[in-house]
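Enquirer: Fold the stuff below for me.
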Amino acid sequence: MTAGDIVLDGLRYTNEHEWTRLEGEGEAAVGITDYAQKLLGDVVFLSLPKIGERLTQFAKCGEIESPKAVSDLFTPLGGEVVAVNEEVMMHPELVNRDPYGQGWLFRLALGDPGELDRLMTAEAYRALVVSPEG
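Expert: Model prediction:
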């Protein structure tokens, strides 16, 4: 991790570099981290779950493509997809410009709020991605 990588407090993170943020009662937004988007480079295509689809925590739920690679997306939490970011589907570069804001990917109605306890805090995620060089 370099000084330019952003890890926001108040979010929860996965080992696969996805984040989730509680929004309202029983709902959470999902996206990829700043660290992940920098590793990928320019995001050119996204395949996201469909509204109404039921997801299981940590299961593959889509793909994200850059000129470098096609990478799997995994859901940090289980639940039913209640929204997909149509803007990011039309403009995938939003993931690079604003991964924690306009670049969110989808929203879930949580199946089990206790699953949050299986995710990393911002502090733990920073420790995961920090480089040996500091």
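Enquirer: Glu93 reaches Gly41, doesn't it?
Expert: No: applying C-beta atoms under 8 Å as the test, Glu93 and Gly41 come out as separate, 10.9 Å apart. C-beta here means a position set from N, CA and C on the backbone, and glycine is covered the same way.
Enquirer: hang on, Ala127 is in a helix, isn't it?
Expert: Yes: under DSSP: H, G, I helix; E, B strand; the rest coil, Ala127 falls within a helix.
Enquirer: okay, it: pLDDT?
Expert: As predicted, Ala127 sits at a pLDDT of 91.
Enquirer: Leu105 too?
Expert: Confidence score, pLDDT, at Leu105: 98.
Enquirer: where's the residue nearest the centre of the chain, which helix or strand?
Expert: Centroid-nearest residue in the chain: Gly31, 2.5 Å away (criterion: C-alpha atoms, centre = their mean). In this assignment (DSSP states H and E), Gly31 forms part of strand 27-32.
Enquirer: helices or strands up against that strand?
Expert: strand 18-22, strand 106-110 (3 or more C-beta pairs under 8 Å, 6 or more residues apart in numbering; DSSP states H and E).
Enquirer: at 10 Å what do you get?
Expert: strand 18-22, helix 34-40, strand 60-65, strand 70-74, strand 79-84, helix 94-97, strand 106-110 (3 or more C-beta pairs under 10 Å, 6 or more residues apart in numbering; DSSP states H and E).
Enquirer: Name the strands paired with that strand and say parallel or antiparallel.
Expert: Based on DSSP bridges, the pairing partners of strand 27-32 within the sheet are strand 18-22 (antiparallel), strand 106-110 (antiparallel).
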